[in-house]
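Engineer: what's the 3D shape of this:
(chains A and B)
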There are 2 protein chains.
Amino acid sequence: MKVFIVFAHPEPKSLNGALLRTTVNELEAQGHEVQVSDLYAMKWKPQVDRDDFPYVKPDERFRVAYASGEATRTNTLTDDVKLEQEKFLWADFVILQFPMWWYTMPAILTGWVDRVYSLGFAYGIGEHSDDHWGDRYGEGKVLGKRAMLLVTVTSWKEHYSARGINGPIDDVLFPINHGILFYPGFEVLPAHIVYQADRLKESDFGKVKDELLQRLRTLSDTKPIAFRPQNGGDYEIPTLTLKPGLGDASAAGFSLHSRRNEDATQE
Amino acid sequence: MKVFIVFAHPEPKSLNGALLRTTVNELEAQGHEVQVSDLYAMKWKPQVDRDDFPYVKPDERFRVAYASGEATRTNTLTDDVKLEQEKFLWADFVILQFPMWWYTMPAILTGWVDRVYSLGFAYGIGEHSDDHWGDRYGEGKVLGKRAMLLVTVTSWKEHYSARGINGPIDDVLFPINHGILFYPGFEVLPAHIVYQADRLKESDFGKVKDELLQRLRTLSDTKPIAFRPQNGGDYEIPTLTLKPGLGDASAAGFSLHSRRNEDATQE
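Structural biologist: Reported below is the predicted structural model:
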């Protein structure tokens, strides 16, 4: 398959650098084609601004989404964005790799999403009707393709457990897994996480590497997160609230938006 | 009081620009001092990289947290970061204002946090012992001060409701409210949200403005979110898991980390 890795760490000699090399070598050894966007090495521009849309006149009000949509429609996005969109569509499998900083992606990767996910490319597509609210959350340009996060965190695993102070890791990553990967249509595999990354000794790397290799050797058998497709019948339209009877009635929150076994028997 | 607003929108003629002017005018009319960091106007550098730490030699491995800690300790952070840290400490009340893009802050604001929240300033401070795991989550350099998010979103309010497809707005904002504002010690007021911001007509601005003014005129009466302090007795140390008996035993997720009435009676 064709694999596209978006990598967001400033230091090749880091743990993240080593994990990237392990991933590329293993996937190539399996016979896959791999492209990497090393955002720091590419000096990726993180912020969306007027320079992205030279056709917006200096005295004209800059409407970000509108400008993004016009540039997508007229094929006048900047070359760096176009190239990333090509790799994004080329791939069968996309990996976002980053160290978690302040409970989300580093700014350079946030800004990759802000700029590459243009209106008409990643959002604002498809029909709106009584049973379809645009092609998103399970539908979109990358329908049928898969994606996964590869993340290092400095906290202990317990701090991200069900009752851990940072919140459960699945919830912390939900805005990315669901809001960025599932949104344009990917099937999302569970993230691969390396905990206490800043405490890792050189001598411990073998174990971390083996766990990653094990993961990379079982990708095709790994079940995606069972996020509920927006237009699959689970949601009221246009309020996009989960229909009564689905999910745990007493629950609120992110976990409602994945199908569980009990839903399968209800349907 | 002294108010510091960090503003992340590229267009002054936007809804966000109008909300910023409303906020500044109202707070000054109330007699407060206001400083604004308009990140786009300042051409804020979003990405953490080697340029932030000129004392790291070109052939030396760049360890991000370590370099950040050394630069903080030796007062060699870059001038732009030092200035933001001064405003941050000067303020009694901090507002982060931004349009939500892809379920988090725009990259330029993510990068303000990544760079300004240096090791030894916003994290990695305080003692570690059997009943104290560093000064964080309710303790830190801004203890006793308050902060709030001012956010515009394009989705409907229902899409962010308890069973809405985007997840509840309190959960979507939890990594920022809890992980970025509560973390260094702020008391966090509930966010002020403007929904369907991209559909707002000029004629509707009066209502949006009035709601914001109402909010700004009642700040001192507004109760902060009852996040649980890490070292206040609610958590096991060092696993930092919520102690048995606290919160809803069947619940998992972000909501556990705010005190509810039932906890008050248990304590």
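Engineer: Tell me which stretches of chain A form strands.
Structural biologist: Secondary structure of chain A (DSSP state E): strands at A:2-7, A:33-38, A:93-99, A:128-129, A:132-133, A:146-152, A:187-188, A:192-194.
Engineer: Dump these to CSV, plus mean neighbour count.
Structural biologist: Quick note: C-beta positions are derived from backbone N, CA and C, even for glycine. Formatted as CSV, the strands of chain A follow (neighbours: other CB atoms under 10 Å in any protein chain shown):
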stretch, mean neighbour count
strand A:2-7, 22
strand A:33-38, 17
strand A:93-99, 23
strand A:128-129, 10
strand A:132-133, 16
strand A:146-152, 23
strand A:187-188, 22
strand A:192-194, 18
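Engineer: Could you tell me the least trusted of these?
Structural biologist: Ranked by mean pLDDT, these end with strand A:128-129 in last place, scoring a mean of 90.
Engineer: Make TSV out of the strands of chain A and add distance to chain B.
Structural biologist: Formatted as TSV, these follow (distance: least, CB to the nearest CB, whole Å):
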stretch	distance to chain B
strand A:2-7	13
strand A:33-38	13
strand A:93-99	8
strand A:128-129	13
strand A:132-133	9
strand A:146-152	11
strand A:187-188	14
strand A:192-194	15
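Engineer: I figured residue A:38 hits residue A:7, correct?
Structural biologist: Yes - contact criterion CB atoms under 8 Å: residue A:38 and residue A:7 qualify, at 4.9 Å.
Engineer: Looking at chain A, which helix is longest?
Structural biologist: Counting by DSSP state H, the longest helix found in chain A is helix A:15-29.
Engineer: Now do that one, average pLDDT.
Structural biologist: 98.
Engineer: what angle sits between it and strand A:146-152?
Structural biologist: On the basis of axes from the mean of the first three to the mean of the last three CA atoms, to 10 degrees, helix A:15-29 is oriented at 150 degrees to strand A:146-152.
Engineer: Whether helix A:15-29 contacts chain B - can you check?
Structural biologist: No - among the residues of helix A:15-29, none lie within reach of chain B under CB under 8 Å from any CB of the partner chain; the closest is 9.5 Å away.
Engineer: neighbours of the residue nearest to residue A:165 when sequence neighbours are not counted, just the number please.
Structural biologist: What sits nearest to residue A:165 in space, not counting adjacent residues and going by CB to CB, 6 or more residues apart in numbering or on different chains, is residue B:240, at 4.2 Å. Per other CB atoms under 10 Å in any protein chain shown, the neighbour tally for residue B:240 reads 22.
Engineer: OK, contacts around residue B:240?
Structural biologist: Residue B:240 makes contacts with A:156, A:158, A:159, A:164, A:165, A:166, B:133, B:230, as judged by CB atoms under 8 Å, 6 or more residues apart in numbering or on different chains.
Engineer: Break down the stretch 151-267 of chain A into its helices, ranges please.
Structural biologist: A:169-176, A:205-216, A:261-266 (DSSP state H, counting those that start in this stretch).
Engineer: now for those, which one comes closest to residue B:53?
Structural biologist: helix A:205-216 (24.7 Å; CB to CB).
Engineer: Can you verify my assumption that residue A:127 contacts residue A:134?
Structural biologist: Yes - at 7.4 Å, residue A:127 counts as touching residue A:134 under the criterion of CB under 8 Å.
Engineer: more neighbours, these two?
Structural biologist: Legend: neighbour count by other CB under 10 Å for residue A:127 and residue A:134, higher for residue A:134 (16 against 10).
Engineer: Could you tell me how far that one is located from chain B?
Structural biologist: Applying CB to the nearest CB, to the nearest Å, the value for residue A:134 to chain B is 11 Å.
Engineer: Which residue, other than its chain neighbours, is closest to that residue?
Structural biologist: residue A:126 (4.6 Å).
Engineer: Likewise for residue A:138?
Structural biologist: residue A:229 (3.2 Å).
Engineer: show me the contacts for the one you found.
Structural biologist: Contacts of residue A:229 by CB under 8 Å, 6+ apart are A:137, A:138, A:139.
Engineer: quick one: which of those residues is nearest residue B:73?
Structural biologist: For the contacts of residue A:229, the nearest to residue B:73 is residue A:137 (45.8 Å; CB to CB).
Engineer: Compute the number of surrounding residues for the closest residue to the closest one other than its chain neighbours.
Structural biologist: In space, and not counting its chain neighbours, residue A:137 is closest to residue A:230: 3.7 Å by CB to CB, 6+ apart. Applying other CB under 10 Å, we find 22 residues neighbouring residue A:230.
Engineer: most surrounded residue in the contacts of residue A:229?
Structural biologist: residue A:137 (24 neighbours).
Engineer: dump the residue contacts of it.
Structural biologist: With CB under 8 Å, 6+ apart, residue A:137 has these contacts: A:178, A:182, A:183, A:227, A:228, A:229, A:230, A:231, B:165.
Engineer: what's the burial count for the fifth one?
Structural biologist: Residues contacting residue A:228 under the criterion other CB under 10 Å number 22.
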